[in-house]
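[1] this is a predicted model, with the sequence first.
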Amino acid sequence: MRRALVLAGAESQVVSLWNTNDASTRELMRAFYGELARGTGRAEALRRAKLQMLRQPRFAHPYYWAAFIPAGAWTPLDPHILKHPEHSP
């Protein structure tokens with residue numbers, strides 16, 4: 001799957017090494033995209049999201065967050081990528 005995404009032009013991906021819990025994945029991705037929206041680099045955004053998970057007793061065990069790894073570009077996203085079309089001038 002990762003190869004197909006790269007061939008399709010995706011600069012980076014967050015990939016999972018094993019099946020994970022839906023609720024914890026939702027929390028992790030919300031934190032991850034929140035960091036991206038603040039301009040944090042992609043790899044650092046994932047690291048910060050994982051640290052947030054680690055601080056939550058419900059999701060502190062690595063099973064809930066350690067499966068996710070960054071691949072590809074690690075730099076911040078272009079700020080225009082995260083803007084919704086309805087919010088553009």
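    Received, thanks.

[2] use CA for all of it now, contacts and neighbours both
    Will do.

[3] quick one: the strands in this protein, in order.
    For the chain, the strands defined by DSSP state E occupy 12-16, 68-72.

[4] make TSV from those strands and add distance to Pro79 and mean pLDDT to it.
    Output for the strands of the chain, formatted as TSV (distance: least, Cα to Cα, whole Å; pLDDT from 0 to 100):
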stretch	distance to Pro79	mean pLDDT
strand 12-16	15	90
strand 68-72	18	91
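
[5] any chance of those strands in CSV, plus distance to Gln56 and mean neighbour count?
    Below are these laid out as CSV (distance: least, Cα to Cα, whole Å; neighbours: other Cα atoms under 10 Å):
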stretch, distance to Gln56, mean neighbour count
strand 12-16, 20, 16
strand 68-72, 17, 16
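
[6] okay, those in JSON lines with distance to Gly39 next?
    Compiled in JSON lines, the strands of the chain are given as follows (distance: least, Cα to Cα, whole Å):
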{"stretch": "strand 12-16", "distance to Gly39": "15"}
{"stretch": "strand 68-72", "distance to Gly39": "16"}
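
[7] what sits against the residue lying closest to His61 once chain neighbours are set aside?
    Excluding its sequence neighbours, the residue lying closest to His61 (Cα to Cα, 6 or more residues apart in numbering) is Leu54, at 7.0 Å. With contacts defined as Cα atoms under 8 Å, 6 or more residues apart in numbering, Leu54 is in contact with Ala60, His61, Pro62.

[8] any idea which of those residues has the most stuff around it?
    Each of the contacts of Leu54 was scored for neighbours by other Cα atoms under 10 Å, and Ala60 scores highest at 16 neighbours.

[9] got a list of what that one touches?
    For Ala60, the set of contacting residues under the criterion of Cα under 8 Å, 6+ apart consists of Met53, Leu54.

[10] so for it, what's the pLDDT?
    Among the per-residue scores, Ala60 shows a pLDDT of 96.

[11] Gln13 versus that one, what's the distance?
    Separation of Ala60 from Gln13 (Cα to Cα, to the nearest Å) stands at 23 Å.
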